[in-house]
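S.K.: Show me the folded form of this:
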Amino acid sequence: MVRAALLAVATLLAPLPATAQDVSKVEIRTEPVTPGLAVLFGAGGNIAVSHGADGTILVDDQYAPLTPKIEAAIAALGAPPAKWLINTHWHGDHSGGNENFGKAGAMIIAHDHVRERLAEGSVHRGGSAAPAPKQALPVLTYHDGITLHLNGDTVQVMHAPHAHTDGDSILHWKTANAFHMGDLFFHKVTLPYIDLSSGGSAYGVLAAADRVLGLADDKSVIIPGHGPLATKADLAAYRAMLAEVIAAVESAKAAGQTLAQVQAMKPAAKYEVKGGFISGDAFVAAIFNSERGHPHGVQPDRSKDIMGAHDHGAETHSH
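M.R.: Predicted structure coming up:
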């Protein structure tokens, strides 16, 4: 499972070649979460499929050439075509299929900034994305969040300000006790990617982890943007890693160290993932250059960094 996830992350943020041969090599694998909720793993971000009497909700849609395979996987669940499509953020490995699903009749839903970035075109990781066509744009947007009452569940969609990007959303299925965190959480596949050019901040990623940890319990299922399904204990370990590396970078920066000097200290080296696309040095640079504090919304609870980080670690080992 982790090997497959690593292969998926290897394609992250890079255009997927559109030839039939290339697409034929990608397999969409389905894993059930609870009755009526499943995850699709392919090339790009993990997709959630919620289906039932009210219709099908799709969360993220990977790359455009994969749409037929994604549609086939939805049908194999016994679910009708997507009626609603929610983007966790704007990156192409999570929104590349928007135009296809929009043309097929899905209502696209996302944060205000997702529509803005898709409509205007954006630059990140040294590449650029052209403005998206009208059919690919969200038609229902929100700032703080939105709640859906569908398929016998209450789905709370919450904005996580200035985190992986400036338009990230967390989804919480309250009855199913499940979460989709998009790229606020990379599980076992790479160090965090913080897209500073899209308004991201390490502090927002930390705050997002705190928010989900405050809502989750030991039976919760957490869908990361990339990597296998996770538990609250897995997210707690991720949060402890974030806090540790952020604190080390902050301390060195406060002491007057340059970015190169902080990177030479290798504060993230022990957490690097073989094959991960974000190196320890890149993660440290993103933290070093993040806006200090949390510009909007919930502030991360920094008291946990001093008193609670070890508790999170203990929790990880106890489950």
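S.K.: Which stretches in this structure count as helices?
M.R.: 2-10, 20-24, 67-76, 92-95, 98-103, 112-120, 202-215, 232-254, 259-264, 280-288, 303-307, 309-318 (DSSP state H).
S.K.: Check whether Ala160 really touches Ala209, as I assumed.
M.R.: No. Taking contacts as C-beta atoms under 8 Å, Ala160 lies outside contact range of Ala209: 9.4 Å. No exception for glycine: its C-beta is placed from N, CA and C like everyone else's.
S.K.: Please convert the helices of the chain to CSV, extending it with mean pLDDT, mean neighbour count and distance to Phe179.
M.R.: Listed next are those as CSV, based on pLDDT from 0 to 100; neighbours: other C-beta atoms under 10 Å; distance: least, C-beta to C-beta, whole Å:
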stretch, mean pLDDT, mean neighbour count, distance to Phe179
helix 2-10, 41, 17, 17
helix 20-24, 65, 11, 30
helix 67-76, 98, 17, 21
helix 92-95, 96, 27, 16
helix 98-103, 98, 21, 22
helix 112-120, 96, 20, 19
helix 202-215, 97, 24, 6
helix 232-254, 97, 20, 9
helix 259-264, 98, 16, 32
helix 280-288, 97, 22, 23
helix 303-307, 49, 12, 19
helix 309-318, 35, 14, 17
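S.K.: who wins for proximity to Val59 among these?
M.R.: helix 92-95 (8.9 Å; C-beta to C-beta).
S.K.: In terms of secondary structure, what does the closest one contact?
M.R.: For helix 92-95, the contact count by 3 or more C-beta pairs under 8 Å, 6 or more residues apart in numbering; DSSP states H and E identifies no helix or strand as a packing neighbour.
S.K.: So what touches it?
M.R.: Contact with helix 92-95 is made by 11-13, 15, 43-45, 60-63, 87-89, 110, 114, 118, 129, 132, 136, 182-183, 225, as judged by C-beta atoms under 8 Å, 6 or more residues apart in numbering.
S.K.: got the contact list for the closest residue in space to Val59 that isn't next to it in sequence?
M.R.: The shortest distance from Val59 to any non-neighbouring residue, by C-beta to C-beta, 6 or more residues apart in numbering, is to Ala48 (3.9 Å). Applying C-beta under 8 Å, 6+ apart, we find Ala48 in contact with 33, 37-40, 57-60, 171, 178, 180, 223.
S.K.: and of those residues, the nearest to Val189?
M.R.: Taking the contacts of Ala48 together and measuring to Val189 by C-beta to C-beta, the closest member is Ile223, at 13.4 Å.
S.K.: Neighbours of the closest one, how many?
M.R.: A count of nearby residues for Ile223, using other C-beta atoms under 10 Å, gives 28.
S.K.: now do Thr34
M.R.: Around Thr34 there are 14 residues (other C-beta under 10 Å).
S.K.: Might one say that it is in contact with Val221?
M.R.: Yes. Using C-beta under 8 Å, Thr34 makes contact with Val221 at a distance of 7.3 Å.
S.K.: intersection of neighbour lists for those two?
M.R.: Common neighbours of Thr34 and Val221 (C-beta under 8 Å, 6+ apart) are 176-178.
S.K.: Let me have those residues in CSV, adding pLDDT as columns.
M.R.: CSV is the format used below for the shared contacts of Thr34 and Val221 (pLDDT from 0 to 100):
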residue, pLDDT
Ala176, 98
Asn177, 98
Ala178, 98
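S.K.: Could you name the stretch from the helices of the chain that's closest to His149?
M.R.: His149 sits nearest to helix 202-215 of all these, at 17.9 Å, using C-beta to C-beta.
S.K.: Let me know the angle separating that closest one from helix 280-288.
M.R.: 90 degrees (axes from the mean of the first three to the mean of the last three C-alpha atoms, to 10 degrees).
S.K.: the inter-axis angle of helix 202-215 versus helix 232-254?
M.R.: Using the same axes, to 10 degrees: helix 202-215 against helix 232-254 is 150 degrees.
S.K.: what packs against helix 202-215?
M.R.: strand 153-160, strand 168-173, helix 232-254.
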